[in-house]
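Asker: below are the sequence and a predicted model; questions follow.
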Amino acid sequence: MDVSSVIKMNKVYITVAVLLAVAVIAVRSNTTPAEQCPGQNFEGLSDRIQVLPCESKRCKLRKNSNTTVILKFQTKTEVKELTNNVFANLGGLPLPFIGVSGMSACPHVKRADNGQPAPCPLAANVEYVYTNQFPIESFYPQVPLRVHWALNDGQKDVICFEVPAIITKR
């Protein structure tokens, strides 16, 4: 190899290293501060949850915008129906998010292995990805809160998390 070939290879290696570093920083900056729901323990929860947009300490939910929630989960038994249980906890008072809480989660579920829609019933021991978008309405008060998000099979939570958040102006 001549000197110019070595220099070109080094430039390629440096470019790849810089791109990987940027990707790692981007992924880490999108970390959602997901916490276990009271009395529950879902393994690897923080790696399974993403709220967009969200910062590492608190999610900023901007009025007149949409927030996206992505959950990876696996059921232990067949699930015939899956329902959203989503509310803002304001000083111990649960206020449901309009148009999301109580609605079927089934239309928002895909298989994690191939991205294909996975309408209910959901098979046991299969990895799924739930993606949903919900509006932050203009009339929501600008306050700090905790968002509680659970997918429930009618008897128990299949997955549940809470995040500290604040509703802000757009």
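Answerer: That came through, no problem. What you see is a predicted model; the values in this text were computed from it and never measured.
Asker: hey, where'd the strands end up in this protein?
Answerer: Using DSSP state E, the strands of the chain run over 35-36, 49-52, 59-62, 65-74, 83-90, 93-96, 109-111, 127-136, 144-152, 157-168.
Asker: what about those, which gets the closest to Phe42?
Answerer: Nearest of the strands of the chain to Phe42, taken as CB to CB: strand 157-168 at 5.6 Å. C-beta here means a position set from N, CA and C on the backbone, and glycine is covered the same way.
Asker: where in the chain is pLDDT low?
Answerer: 1-30 (pLDDT under 70).
Asker: how many residues are close by Ile98?
Answerer: By other CB atoms under 10 Å, 13 other residues sit near Ile98.
Asker: Pro117 is nearest to which of the strands of the chain?
Answerer: Here strand 109-111 is closest among the strands of the chain (CB to CB), at 5.7 Å.
Asker: from the chain's centroid, how far away is the closest one?
Answerer: Centroid separation for strand 109-111 versus its chain: 14 Å, with CA atoms, centre = their mean, to the nearest Å.
Asker: show me what that strand is packed against.
Answerer: Strand 109-111 is packed against strand 127-136, with contacts defined by 3 or more CB pairs under 8 Å, 6 or more residues apart in numbering; DSSP states H and E.
Asker: and the strand it packs on, what's buried?
Answerer: 128-130, 132, 134-136 (16 or more other CB atoms under 10 Å).
Asker: and stretch 101-118, by the same measure?
Answerer: Across stretch 101-118, burial judged by 16+ other CB under 10 Å covers 101, 103, 105-106, 108-109, 118.
Asker: which residues touch that stretch?
Answerer: Residues from elsewhere that reach stretch 101-118 (CB atoms under 8 Å, 6 or more residues apart in numbering): 72, 81-87, 96, 119-120, 122, 126-132, 151.
Asker: much appreciated, bye for now.
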